[in-house]
Every structure is written in structure tokens, then in C-alpha cells.
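S.K.: Show me how the following folds:
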Amino acid sequence: MSINRYNMDMCNGPLLGKMICYAIPLAITYILQLTFHAADLIIIGNFGSYKSMASIGTTADLINLMVNMLVGISVGANILAAQYYGAKDRKKLSRTIHTSMCFALWGGVFMAVFGILGCVSALKMIHVPDEILPKSALYMRIIFCGLPFSMIYNFGCSILRAGGDTQRPLYFLIAAGIVNVVLNILLVAAFKWDVAGVAVATVISQGLSAWLVIKAMTGARGASRLILKNLRIDWQTLKRLLAFGVPAGVQGIFFSISNIIIQGAINTFGSQAMAGMTATVCMEWLLYSAVHSAQQTTIVFVGQNFGAGKSGRIMRSLWIGFAGAALIGLVLGGIMTAAGRLLMGLFNSDPEVVAWGLKRIKIVFTTYFLCGLMDVAAGGLRGLGHAIIPTVSALLFACGFRIFWIETAFDASRTIETLVWAYPLSWIITGAVNGIFLYWFCKKMLQKSNGRASYAMLNKN
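M.R.: Numbering: from 1, shown residues only. The predicted structure is shown next:
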């Protein structure tokens, strides 16, 4: 199989160094992606109003809910391609690439139409105040126009990362992010387009990133090359891709549903609380992007070595993933907690908005390492081909628990602190369940591996 200079051999050589080299550009990519989004909110918060900021923030979970299935399927493309890279199966890798990108295009178009038509009804369902509803609806409609670009970028980057290439997705994001910030300043600060300016800048930058991904994939060599005239659905490949990706998408939907319910509870505290929570959620995305890089690194390294049949490297990949997620969560979470007031001030100087945000920061950021451990356990299961279990555990022990918490504990004590405690408690329960299943599957895998090794030695003797 032809390998370009950006790819990485994950099945041989020092493991820790390779995982770090893979994870660092990935973490920077995620952090920059959220930094550029934070810049959107900072610009709108300083040149618009807290109502404009709230109108954008309240749409985040709804947008995620509508697109999480497609994003989840891109995770399936990442896992399937990684396994075929590890197994050196050129034909199936090529089918996966072309099927994934074709699905990304048409799936993005379909979801864009659905989102544009249904956004107002969805906003009303989560009790968005009438004073910000028109701005929220306008923002969502423009953002959904760029959804096909976003899906092409997401699926394309998943394929590139499956082969070990985390550098070029970073370069593409930097280019698109710079364009996004410049356009934000021009459209919002200079032309006073408010939320429409933020949305238009986002769509244009997404179009640039999609073009760069396509250019990289069509310029690749060997089985990893994208040939546009060969873009079509191979139904057998799509079936496997959906088997990996749909559970990941469903899990994302469950988390979004629970977050939407929590957002609905936050909305009852008023616009200033909504603005404060919007700022902290944006900050949390930055923290999550760093922690999430450990999960994604674990998925790809486990997936490639699973395809190559190397159980020892699978186990070492898992331990490194757990250690990395915990360390990132503890260190960055602690730093961001200590700097909470300063960071809140970047988004909005209103003392009430800052006070609301600090209440969430003190609980969520100090416990964020638990989210990292939960995600790595889920990533390990997916890399091993067990995609259903993390989805079921997310449904029962994350989404279900958060809803239960709102209906019981929050109903008895209607404070923002009580509401926010739903997050770390759900991470503990869901992570423990995923960890138990991961331990069991790894134990079975090692027993089979040792059995095969013993049999081989017996035959040799």
C-alpha cells in the first residue's frame, strides 16, 4: 500500500512517541477549531450584545442534535479505514474512502434542507425567549446552508487521520480559521451584520476547508487516493460503515438531547444566565477538544492494531490513552478554573453574566478528567469493533441519568449548581460501565492471543 509522507505506521515501532506525535496536531486542531468559534462569540459579545451572544449559544445543542448522526458516521469511517490500513487491504480501503465521501456530500445536503425547514419549531420546543428567537433562527438557517461543506471536511479529515495524517487537517483549519476571524471582524465589527455576519463568515470558511480536504485526498497516492469520478456508494461498505458509525451518532444524539433538556432548564434563569452558560460551554469545548484528542488517538491506534492482530500494542495504546486523558483533564481543567474570571471577562464584562459562568466553571472544570476517562473507555470499545455498548451506556447512564437528575434533584433544589452536577455524576457512572466492558473484552482478547501463541510454539517444537 502506497503511504505518503504524512501517514504513520501505527503497528510497528515506539508506541508512546507515535501516539504523542499523532495526538498533538489533533489536539491543536480541535483547540483551534473551538478557539475560532470562541472568537465568534467574543466578537459578537463585544460588538453586539449579550442577547446576540445568547441567541448563538442557545442553538449549539440543537445544531449538534441535528448533525450528530452524520458526524458519528464519520467516526465509523475513521474506524473502518484505520482497520483496513492496519490490515493493508487496498481494495476495501478505497471503497471505504469513496463511499464515505459520497455519503458525506448527500447526507450534508439532506440535513441542510431538514435543518433550514425545522429550526424555528425546534427553537420553540426548548423555550427560547421571544426576544432572541428571530436571531437564533437566522443564525441556524445560514449555518445549515454550509452543512455539506462541514460534512465533507469532517469525513475527509476522518479518512486522513485513519492513516496517521493529523498534520494537514491542522493546516486546513488554520487557513479556514484565519479567514473566519477576518470575515467576522469585517462583517460584525465593521458592517454590523450581527449574528448573520458570524454565520456567513463560518459558512465561507467551511467551504474553504472542504475544498482543501478534497484537494489533499485527490492528490494522494495508491489506495488512499480519492478519484471524483469513482464517487459512489458501495452498499456492503456502507453497511459496515453504518454499523460502526450509527451507534456513535446515536450516542451523540443522546448527549445532545440531555444537554438540550439542561439548556431548557438554564433558559428559565433568564438571558444573563444563558449568556454566562454560553461562555462557559465555549470554554468547555476548548477543554474537551484537548481531552477528546486522547480518545480519537486511542480509537485509531487500537483500530489499526486490531486490524493487524497485535493485542500487546492494543493494550499499551489503551493505557497511554487513559493516562493522557486524565492528565490533560486535570492540568487544563485546573488552569481554566483558576483563570475563570479572566476568561469570562473576554466574552462579556457584565458582572451578572460573569457570576453565572463562574458557578458552572467551579464544578465542571475541576472534574473534567472524568469525562476524559469515560471517552477513552468508549473509544477503546469502538476501536475493537464494539460500537453498540458505548451507545447503550450513554443512553441509560448519561442521557437517562441527567434527565432523572433534573426531574428529581433539580426539581427539589432549583439552583444552577444542582443542575450542573448532572455532568460529573453522569461521567462517573457511564465511564465505569464502559470500563467494565472494555476490561472484559480485553481479557478475552488476551486469552485468545496467548492461546494462539502457545499453539504456535507447540507446533514449532
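S.K.: Now do stretch 388-401, average pLDDT.
M.R.: Average pLDDT, stretch 388-401: 87.
S.K.: ok, now stretch 60-67?
M.R.: pLDDT averaged over stretch 60-67 gives 74.
S.K.: ok, now stretch 164-177?
M.R.: In the prediction, stretch 164-177 has an average pLDDT of 90.
S.K.: Now do the buried residues in it.
M.R.: 164-170, 172-174, 176-177 (16 or more other CB atoms under 10 Å). Placement of C-beta: from N, CA and C, glycine included.
S.K.: swap in stretch 214-233?
M.R.: Buried, per 16+ other CB under 10 Å, within stretch 214-233: 214, 216-217, 220, 223-226, 231.
S.K.: now swap in stretch 299-315 and tell me
M.R.: 299-308, 310-311, 313-315.
S.K.: next one: stretch 41-57
M.R.: Those would be 41-45, 47-57, for stretch 41-57 by 16+ other CB under 10 Å.
S.K.: Just the endpoints, please. Distance across that stretch?
M.R.: End-to-end distance for stretch 41-57: 8 Å, by CA to CA, to the nearest Å.
S.K.: avg pLDDT for that stretch?
M.R.: 76.
S.K.: Let the chain start at 393 from now.
M.R.: With 393 as the first residue, the last one maps to stretch 433-449.
S.K.: Any chance of JSON lines for the buried residues of stretch 556-569, columns secondary structure and distance to Ile798?
M.R.: Compiled in JSON lines, the buried residues of stretch 556-569 are given as follows (DSSP: H, G, I helix; E, B strand; the rest coil; distance: CB to CB, whole Å):
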{"residue": "Gly556", "secondary structure": "coil", "distance to Ile798": "42"}
{"residue": "Asp557", "secondary structure": "coil", "distance to Ile798": "42"}
{"residue": "Thr558", "secondary structure": "coil", "distance to Ile798": "38"}
{"residue": "Gln559", "secondary structure": "helix", "distance to Ile798": "42"}
{"residue": "Arg560", "secondary structure": "helix", "distance to Ile798": "42"}
{"residue": "Pro561", "secondary structure": "helix", "distance to Ile798": "37"}
{"residue": "Leu562", "secondary structure": "helix", "distance to Ile798": "38"}
{"residue": "Phe564", "secondary structure": "helix", "distance to Ile798": "39"}
{"residue": "Leu565", "secondary structure": "helix", "distance to Ile798": "35"}
{"residue": "Ile566", "secondary structure": "helix", "distance to Ile798": "39"}
{"residue": "Ala568", "secondary structure": "helix", "distance to Ile798": "37"}
{"residue": "Gly569", "secondary structure": "helix", "distance to Ile798": "35"}
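S.K.: Just the mean pLDDT for stretch 535-542, thanks.
M.R.: Mean pLDDT, computed over stretch 535-542, is 93.
S.K.: what residues does it touch?
M.R.: Outside stretch 535-542, the residues that touch it by CB atoms under 8 Å, 6 or more residues apart in numbering are 451, 455, 458-459, 496-497, 500-501, 503-504, 507-508, 511, 591, 594-596, 598-599, 601-602.
S.K.: what sits up against stretch 658-669?
M.R.: 437, 442-443, 445-446, 449-450, 518-521, 523-524, 655, 736, 739-740, 742, 744-749, 751-752, 808, 811.
S.K.: buried subset of these?
M.R.: For those, buried by 16+ other CB under 10 Å: 437, 442-443, 445-446, 449-450, 518, 520-521, 524, 655, 736, 739-740, 742, 745-746, 748-749, 751-752, 808, 811.
S.K.: can you tell me which residues contact Ser681?
M.R.: Ser681 touches 419, 422-423, 425-426, counting by CB under 8 Å, 6+ apart.
S.K.: Pull out the buried residues from the helix or strand harbouring Pro526.
M.R.: Here Pro526 is covered by helix 525-537, with elements defined by DSSP states H and E. Within helix 525-537, the residues scored as buried using 16+ other CB under 10 Å are 525, 527-537.
S.K.: so of the buried residues of stretch 433-449, which ones are in helices?
M.R.: Among the buried residues of stretch 433-449, the ones falling in helices (DSSP state H) are 433-437, 439, 442-449.
S.K.: Export the residues you listed to JSON lines and append columns for distance to Glu676.
M.R.: Converted to JSON lines, those look like this (distance: CB to CB, whole Å):
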{"residue": "Leu433", "distance to Glu676": "13"}
{"residue": "Ile434", "distance to Glu676": "16"}
{"residue": "Ile435", "distance to Glu676": "19"}
{"residue": "Ile436", "distance to Glu676": "18"}
{"residue": "Gly437", "distance to Glu676": "17"}
{"residue": "Phe439", "distance to Glu676": "24"}
{"residue": "Tyr442", "distance to Glu676": "19"}
{"residue": "Lys443", "distance to Glu676": "22"}
{"residue": "Ser444", "distance to Glu676": "20"}
{"residue": "Met445", "distance to Glu676": "16"}
{"residue": "Ala446", "distance to Glu676": "16"}
{"residue": "Ser447", "distance to Glu676": "19"}
{"residue": "Ile448", "distance to Glu676": "15"}
{"residue": "Gly449", "distance to Glu676": "12"}
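S.K.: Val825: which of the residues you listed is nearest?
M.R.: Val825 lies nearest to Gly449 out of those, by CB to CB, at 30.7 Å.
S.K.: OK, contacts around Val623?
M.R.: If you look again at residue 623, you'll see it is Leu, not Val. 490, 493-494, 497.
S.K.: Could you write me a ChimeraX select line covering just the buried ones among the residues you listed?
M.R.: Selecting only the buried entries of the contacts of Leu623 in ChimeraX, with 16+ other CB under 10 Å as the criterion:
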select :490,493,494,497
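S.K.: now the contacts of Leu623 as TSV including distance to Phe714?
M.R.: What follows is these, written out as TSV (distance: CB to CB, whole Å):
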residue	distance to Phe714
His490	35
Met493	33
Cys494	36
Leu497	36
